[in-house]
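*Asks:* Turn this into a model:
(chains A and B)
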Amino acid sequence: MPKVTYIEFDGTERPVELPAGWSLMQGATLNGVDGIEGECGGSCGCATCHVYVDEAFLDKLDPPSETEEEMLDCTSSPREANSRLSCQIKADPRIDGIIVRLPETQS
Amino acid sequence: MGDGAGVVIVGGGQAGYQTAESLRQLGFPGAITVIAAEDFPPYQRPPLSKAYLLGEVDRHRLKFRTEEYYAEHGIDLRLGAEATAIDRAGKRLLLADGTSLAYSHLVLATGARVRLLPIPGAELAGVHYLRSLADVEAIERRLGEVAAVAVIGAGFIGLEFAAVARKLGKPVTVLEAAPRVMARVVAPELSAFFDETHRAHGVDIHCDTAVVEIAGRDGQAAEVVCADGHRVAAGLVVVGIGVIPETGLADACGLTCDDGIVVDGHGSTDDPAIFAAGDCTSYHHPFAGRRIRLESVQNAADQGRTVAAAIAGQARVYDTVPWFWSDQYDVKLQMVGLSAGCEKVVVRGDRAGGKFSLFHYREGVLRAVDSVNRPADHILARKLLAAGISPTPEQAADADFKLKDLLGAASA
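*Replies:* The predicted structure is shown next:
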């Protein structure tokens, strides 16, 4: 199963193995990673699952959809070049080992 | 918790789960017990009528947390358990298995139950309601076997299910007693949009239509009979005609109930040791300016957080501007505020292209925003309404005007 490492805002590293196809948001909330809310349930509608993707993995992700682009402008913590919504990133072998950092606030 | 009594939460839905989770997040050190009626760990209900039925998520992905989470956080999750009575004087909750639990604080997160269809034939096989995972699994089995589907009630649940059934290729007829779809919860402009959307996807919608009977064959639902004599053939009938707050336990022990368990801004009932959260509560909402009862994820989650904060000694008043969402086909509807009673509506964006928001004004002040496939408008509207900032109708109608600018640098 692809491995994902979440780095919480306080620096705590949380490695989690996710079944392929699960979103990084689901993997975080189900496993109790602090700092990802995902209050809309993963429909790209709330911008509370904002993460900063490690630069080494950024190019391996599909680019954000038009909707995700709009929502990234609504994040609570500042949007950076490596900002993504974790509900839109699906675990798959291509991104095995991905590291994402969590922002200070989500809402 | 010197006497060993801790927090006992009745209900394993969104509000009950959130209360337990927030208590631990706030550092509450005492015992927490959750009495959950269903056999499955607390899970998200919204996907049931959407992604789950389409096979896009399996049941394990519906869970809020893994089973291990509860054990690791000292939350005693009792699945398949039922509370039968509250002994307020003795501060004990009685359970159906004959045991009882002492509590320092009791939280009633009992939710709501579906309103039953009061007509002949409603008990036939093939007539289903949609609230729990078990309901949806039964619908899923039935759906594969029938030629056509009828939906009674054109609210969120009914229409979300209609959209799923169409996506799965079934002929769908929707029967609604009110003059328009989603009449109880949305403005007429939005009803019109969703009416068009469903018709464009081939749903046969009949408003102003009362149903009088479900006719069966061999104990199986076969036809829905309308008051005007119209008959709709359907082997699966999904009924979504609203819910009733589950107030039985509260009522029986003398807590004030009036269309829900009456609570204050901290979720406290008139017994200071008993709180309530979620669909089962009724309270004065500062934004609404009156007493309301909400049936939504946002309300359940935020009230759960509020109750946890009060119990953990970090009380804050629940005043979130209400918000809701619904997914039907590729239409993402997000609503914030309360549009009932508004006299002016302004359209922002492209109504014909299905990407627009409706800004609702009452006495010149923005009160609600409904967004269709414009999620950024929704998020900004939540911030505007929470801050009490009202764009002018002209600003709202001008899609090039940046609403974000009204929020100022600090809060944007």
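
*Asks:* pLDDT value on residue B:7, please?
*Replies:* What the model reports for residue B:7 is a pLDDT of 98.

*Asks:* Likewise for residue A:44?
*Replies:* 86.

*Asks:* Residue B:228 now?
*Replies:* On the pLDDT scale, residue B:228 gets 96.

*Asks:* For it, give me its contacts.
*Replies:* By CB atoms under 8 Å, 6 or more residues apart in numbering or on different chains, the residues touching residue B:228 are residue B:209. In this view, the C-beta of every residue, glycine as well, is placed from N, C-alpha and C.

*Asks:* ok, it to chain A distance?
*Replies:* Counting by CB to the nearest CB, to the nearest Å, the separation of residue B:228 from chain A is 38 Å.

*Asks:* and what of residue B:350?
*Replies:* The gap separating residue B:350 from chain A is 13 Å, by CB to the nearest CB.

*Asks:* which residue packs closest to that residue, ignoring adjacent ones?
*Replies:* Sequence neighbours aside, residue B:356 is the residue nearest to residue B:350 in space, at 5.7 Å (criterion: CB to CB, 6 or more residues apart in numbering or on different chains).

*Asks:* and the one you found, that one's in a helix?
*Replies:* No: assessed with DSSP: H, G, I helix; E, B strand; the rest coil, residue B:356 is strand; it does not lie in a helix.

*Asks:* show me what contacts it?
*Replies:* Taking CB under 8 Å, 6+ apart, one finds B:347-350, B:371-374 in contact with residue B:356.

*Asks:* buried subset of the residues you listed?
*Replies:* B:348-349, B:371-374 (16 or more other CB atoms under 10 Å in any protein chain shown).

*Asks:* any idea which of those residues is the one closest to residue B:167?
*Replies:* residue B:373 (17.3 Å; CB to CB).

*Asks:* Not counting its neighbours along the chain, what's nearest the closest one?
*Replies:* Nearest residue to residue B:373 in three dimensions, chain neighbours excluded: residue B:355, at 4.5 Å (CB to CB, 6+ apart).

*Asks:* contacting residues for that neighbour?
*Replies:* Residue B:355 neighbours (CB under 8 Å, 6+ apart): B:349, B:372-374.

*Asks:* now do residue B:327
*Replies:* So residue B:327 contacts A:43, B:50, B:160, B:333 (CB under 8 Å, 6+ apart).

*Asks:* change it to 6 Å
*Replies:* A:43, B:50 (CB atoms under 6 Å, 6 or more residues apart in numbering or on different chains).

*Asks:* Likewise for residue B:86?
*Replies:* Residues near residue B:86 by CB under 6 Å, 6+ apart: B:93, B:249, B:253.

*Asks:* State the pLDDT value of residue B:289.
*Replies:* Reported pLDDT for residue B:289: 94.

*Asks:* neighbours of it, just the number please.
*Replies:* 9 (other CB atoms under 10 Å in any protein chain shown).

*Asks:* who's in contact with residue B:358?
*Replies:* B:189, B:345, B:370.

*Asks:* and the gap between it and residue B:345?
*Replies:* 5 Å (CB to CB, to the nearest Å).

*Asks:* Mind listing the shared neighbours of the two?
*Replies:* residue B:189.

*Asks:* where does the stretch 51-200 of chain B come near chain A, residue by residue?
*Replies:* B:61, B:66, B:69 (CB under 6 Å from any CB of the partner chain).

*Asks:* sorry, back to before: tell me the one among the contacts of residue B:355 nearest to residue A:17.
*Replies:* Within these, proximity to residue A:17 (CB to CB) peaks at residue B:373, which comes in at 34.6 Å.

*Asks:* Surely the closest one and residue B:332 touch.
*Replies:* Yes: using CB atoms under 6 Å, residue B:373 is in contact with residue B:332, at 5.4 Å.

*Asks:* Leaving out chain neighbours, which residue sits closest to the residue positioned nearest the centre of chain B?
*Replies:* Among the residues of chain B, the one closest to the centroid is residue B:296, at 3.3 Å (CA atoms, centre = their mean). Spatially, and ignoring its direct neighbours in sequence, residue B:296 is nearest to residue B:324 (5.1 Å; CB to CB, 6+ apart).

*Asks:* what's the answer for residue B:407, then?
*Replies:* residue B:383 is the one closest to residue B:407 (CB to CB, 6+ apart), at 5.6 Å.

*Asks:* quick one on the thing from earlier: where do the contact lists of residue B:373 and residue B:332 overlap?
*Replies:* With CB under 6 Å, 6+ apart as the test, residue B:373 and residue B:332 reach no residue in common.

*Asks:* about what we covered before: just the buried ones from the residues of the stretch 51-200 of chain B next to chain A?
*Replies:* Using 16+ other CB under 10 Å, the buried ones in these are B:61, B:69.

*Asks:* which one among the residues of the stretch 51-200 of chain B next to chain A gets closest to residue B:181?
*Replies:* For these, the nearest to residue B:181 is residue B:61 (29.7 Å; CB to CB).

*Asks:* Distance of that closest one relative to residue B:125?
*Replies:* For residue B:61, the distance to residue B:125 - CB to CB - is 29 Å.

*Asks:* ok but residue B:85 is inside a helix, no?
*Replies:* No: using three-state DSSP, the assignment for residue B:85 is strand, not a helix.

*Asks:* give the contact list for the residue lying closest to residue B:22 once chain neighbours are set aside.
*Replies:* Once flanking residues are discounted, residue B:22 sits nearest to residue B:308: 3.5 Å by CB to CB, 6+ apart. By CB under 6 Å, 6+ apart, the contact list for residue B:308 reads B:19, B:22-23.

*Asks:* how does it look with 8 Å?
*Replies:* B:18-23, B:25-26, B:28.

*Asks:* wait, residue B:67 sits on residue B:43?
*Replies:* No: Residue B:67 is not in contact with residue B:43 according to CB atoms under 8 Å; the separation is 11.8 Å.

*Asks:* how many neighbours does residue A:93 have?
*Replies:* Neighbour tally, residue A:93, other CB under 10 Å: 8.

*Asks:* Quick check, it in contact with residue A:18.
*Replies:* No: at 11.1 Å, residue A:93 does not count as touching residue A:18 under the criterion of CB under 8 Å.

*Asks:* what touches both of these two?
*Replies:* Shared contacts of residue A:93 and residue A:18, defined by CB under 8 Å, 6+ apart, are found at residue A:2.

*Asks:* Please identify which helix or strand holds whichever residue of the stretch 101-250 of chain B sits closest to chain A.
*Replies:* At 12.3 Å from chain A, residue B:160 is the closest residue in the stretch 101-250 of chain B, using CB to the nearest CB. Using DSSP states H and E, the element containing residue B:160 is helix B:156-167.

*Asks:* And for stretch B:174-192, what's in contact with it?
*Replies:* Stretch B:174-192 is contacted from outside by B:150-156, B:158-159, B:162, B:194-195, B:198, B:203-211, B:224, B:226, B:232, B:242, B:324, B:333, B:335, B:339, B:342, B:345, B:347, B:358, B:360, B:370, B:372, using CB under 8 Å, 6+ apart.

*Asks:* next one: stretch B:130-150
*Replies:* Applying CB under 8 Å, 6+ apart, the contact partners of stretch B:130-150 are B:38, B:40, B:43, B:45, B:48-49, B:52-53, B:59, B:62, B:113-114, B:126, B:128-129, B:157, B:161-162, B:165, B:168, B:170-175, B:224, B:232-238, B:240, B:243.
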